[in-house]
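Novice: predicted model, plus sequence, below.
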Amino acid sequence: MHGMMLLFTLHFGGTQVADEHSGGDRWFSSDKTKHFFMAAFVQSVSFSGLRTTGIGRTGSLIGASAVTSVVSVGKELHDRASGSVISVKDLAWDAAGLAASTALLRRTER
């Protein structure tokens, strides 16, 4: 439970106001790195949690991808509600983190 609280604090903690003030939404920034690794983390933890319940590998990967997608889109909706804009670039980095984590998880034995 504490892990999920930490996840949402880190992921929903702030908006990208600093990026907006420094020239807009860039493709490469510390914010994009955070999006990549947070999505990979959510994908990995969700996959592990689903596998623990006895769901098969394919089902767990699909379920984890759904959870990661919901968290990613939810973060962008939260940003919008906080006065920022929805960033397609953030979502692209989230998708890249999801894909990278999935590629690694596919190669695990259990």
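Specialist: Ah, there it is.

Novice: list the buried residues of the helix or strand harbouring Glu76.
Specialist: For Glu76, the element it lies in under DSSP states H and E is helix 57-81. Neighbour-count burial for helix 57-81, with 16 or more other Cβ atoms under 10 Å as criterion, is recorded at 60-61, 63-65, 67-69, 71-72, 75-76, 79. Backbone N, C-alpha and C define where each C-beta goes, glycine included.

Novice: what do you get for stretch 88-103?
Specialist: For stretch 88-103, a neighbour-count test (16+ other Cβ under 10 Å) marks Lys89, Asp90, Leu91, Trp93, Asp94, Ala95, Gly97, Leu98, Ser101, Thr102 as buried.

Novice: what is the helix holding Glu76 packed up against?
Specialist: When contacts are defined as 3 or more Cβ pairs under 8 Å, 6 or more residues apart in numbering; DSSP states H and E, helix 57-81 packs onto helix 2-12, helix 30-52, helix 88-106.

Novice: where does this structure dip in pLDDT?
Specialist: Across the chain, the ranges flagged by pLDDT under 70 are 1-23, 110.

Novice: now do 90
Specialist: Counting by pLDDT under 90, the chain shows low-confidence ranges at 1-25, 84, 108-110.

Novice: tell me which residue lies nearest the centroid of the protein.
Specialist: Centroid check for the chain by Cα atoms, centre = their mean gives Ala39 as the closest residue, at 2.4 Å.

Novice: for Val85, phi and psi?
Specialist: Its backbone dihedrals place Val85 at phi -110, psi 160, with angles given as degrees, to the nearest 10.
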